[in-house]
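> give me a 3D structure for the following:
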Amino acid sequence: MKSLAKYLNIYQFNRSQRIHFFINVSVGVVIALLFVLMGKFDWGEQVINQGFDILVRLESRIYTEKSAPAKSPVCFIDITDDDHKRWGRPEMTPRGKVAQMVEDAWKQGAAVVFVDVLMPRENRDDPTGDRELHVLFERMLREDANTHVILPVTVNHDGSIGSHFLDKLLNRTTTSDKQIFHRGYPAIEASASDRLNRYWAPYQPYLNNRGDPCVLWSVTLLASAIREEKLDALNRLGHELEQAAHQSRTGSHASRSISLGERQVEIPAFRIITDTNNNITVERDETHSAPYTQRIRYRIAPDTQSTARLRLTADKFSPGDINPLPDLKGKVVLIGNTSHDMGDYHWTPVGLLPGVYILGNAINTLAAGLQPIHMNSFLHFLIELFVILVAASFFLYFTKLLAQVLACTLFVILFFPLSWLAYDIWGIFFNFVVPLIGMSFQRTVSGMEDIIIHRGIKKRYS
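Numbers count the residues shown, from 1 in each chain. All right, here's what the predicted structure looks like:
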């Protein structure tokens, strides 16, 4: 204990060394506070992304090399390159094939089926396929199906909602007055700096035919809520958002939250904006927690061990056959194109992925309770203060270059494993990149110190 007290006693060093120590600590504290303030801006988000991306890539590499657990909330039915070629490379995904896949998932007890295929109008080249999908949906209503189906629609530039060729049917309910067909917004959001798709979106606001503000829930949020039987709570929350936006067309409103995956999911408000020409648009607010809570964790990738028990291909389905897999019951089944001919591939922190797998990872993140958590700001600052004091003490005992090398090595060896464990087990994110960036400023600070001290000596003896 005495040796530790002796080590911590900075008054054993000369005045110049103590000045160096306090300057290093002061600069470190300023840098730490600067990162807290810059976290609200694009540059701060880029620093957060640097740390997150390293963890996300490591996580993806580890989890995609082993089989996903049987309790995973998602399954995939891929329309592959071979399927697309066998079908004659049609411009539009054959809706008769889609009907077969939806029916098989329904019969196996899937909780939700998401069809990642836009169908804004009838397919004149394949009216039979349109009819087969229409007949299936009619039968699901008539037989009071428990499986919900989400169909993607877009929001137009003028704020109106996009169409679906089965619009009239989608508004109907089952014989027990249950809504099982839903429109969903297939949105994944990219960072402005590098256009990598890192976040899922909660919803997209739009204007109905009367010009009233409405909420179109994202596929990610809608599928997760349905699976946990919280659709009524989600609809109530949407009604609250719409009322708040309608009552105050200029101001921002407090965000709401809903419990999904055993965690609270923050849902931001939205506002109505009227320009000088009286054109009305709707815009969703952003929350400071979004870079954490809406971040996608990419644990599933096509053609890897992670999808060994979660993936089927369209060629597994034929009329009247029921796929023998027992694990579709209670799951979110995503049907989508992984065929390169369809061009639905997007860049992510872990590389190029089909859109249906980006959405599947987003749903898996939310439904499995894997949303990252922002560490308490005060605790985060205390850890950074400890790092600053340790780094500053190195410069008392070693040369500047050796101290910088030792400090950076310690951070990599100690803080990266701790950061990874906290992220993997609890979803807590500590940005280990910040101390390394702070150390990169050390050479500049040391140079400034030398200039100040040199000038002071020069003035003293001039």
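
> now residue 20: how far from residue 89?
Per CB to CB, to the nearest Å, residue 20 is found 69 Å from residue 89. Glycine gets a C-beta too; all of them are placed from N, C-alpha and C.

> could you do residue 246 as well?
Applying CB to CB, the value for residue 246 to residue 89 is 47 Å.

> residue 389 too?
From residue 389 across to residue 89, the span is 64 Å (CB to CB).

> ok, residue 296 next?
According to CB to CB, residue 296 and residue 89 sit 31 Å apart.

> for the stretch 301-450 of the chain, which spans come out with low pLDDT?
316-326, 432-450 (pLDDT under 70).

> all strands for it, in order.
Counting by DSSP state E, counting those that start in this stretch, the stretch 301-450 of the chain has strands at residues 311-313, 332-337, 345-348, 351-354, 373-374, 428-429.

> contacts for the fourth one, please.
Strand 351-354 is contacted from outside by 298, 301-302, 336-338, 344-346, 361, using CB atoms under 8 Å, 6 or more residues apart in numbering.

> how about CSV for those, with neighbour count and distance to residue 394 added?
Below are the contacts of strand 351-354 laid out as CSV (neighbours: other CB atoms under 10 Å; distance: CB to CB, whole Å):
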residue, neighbour count, distance to residue 394
298, 28, 37
301, 22, 41
302, 17, 47
336, 25, 53
337, 23, 54
338, 25, 51
344, 19, 51
345, 17, 47
346, 16, 44
361, 27, 41
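
> a markdown table for these, including distance to residue 114?
A markdown table is the format used below for the contacts of strand 351-354 (distance: CB to CB, whole Å):
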| residue | distance to residue 114 |
| --- | --- |
| 298 | 18 |
| 301 | 18 |
| 302 | 16 |
| 336 | 8 |
| 337 | 13 |
| 338 | 15 |
| 344 | 14 |
| 345 | 18 |
| 346 | 17 |
| 361 | 13 |
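
> longest helix of the chain?
helix 15-38 (DSSP state H).

> and that helix, C-alpha only, in CSV?
Extracted in CSV, the C-alpha atoms of helix 15-38 (Å, rounded to 0.1, in the frame of the first residue of the first chain):
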residue,chain,number,x,y,z
ARG,A,15,8.3,21.2,-11.1
SER,A,16,8.7,20.8,-14.9
GLN,A,17,7.4,17.1,-14.7
ARG,A,18,4.5,18.1,-12.5
ILE,A,19,3.5,20.8,-15.0
HIS,A,20,3.7,18.2,-17.8
PHE,A,21,1.4,15.9,-15.7
PHE,A,22,-1.3,18.6,-15.0
ILE,A,23,-1.2,19.7,-18.7
ASN,A,24,-1.7,16.2,-19.9
VAL,A,25,-4.6,15.6,-17.5
SER,A,26,-6.2,18.9,-18.4
VAL,A,27,-5.9,18.2,-22.1
GLY,A,28,-7.3,14.7,-21.6
VAL,A,29,-10.3,16.1,-19.7
VAL,A,30,-11.0,18.7,-22.4
ILE,A,31,-10.8,16.0,-25.1
ALA,A,32,-13.2,13.8,-23.1
LEU,A,33,-15.7,16.6,-22.7
LEU,A,34,-15.3,17.6,-26.4
PHE,A,35,-16.3,14.0,-27.4
VAL,A,36,-19.4,14.2,-25.2
LEU,A,37,-20.5,17.5,-26.9
MET,A,38,-19.5,16.4,-30.4
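
> can you name every helix or strand that it contacts?
helix 42-63, helix 377-397, helix 433-440, helix 442-461 (3 or more CB pairs under 8 Å, 6 or more residues apart in numbering; DSSP states H and E).

> no more questions from me, cheers.
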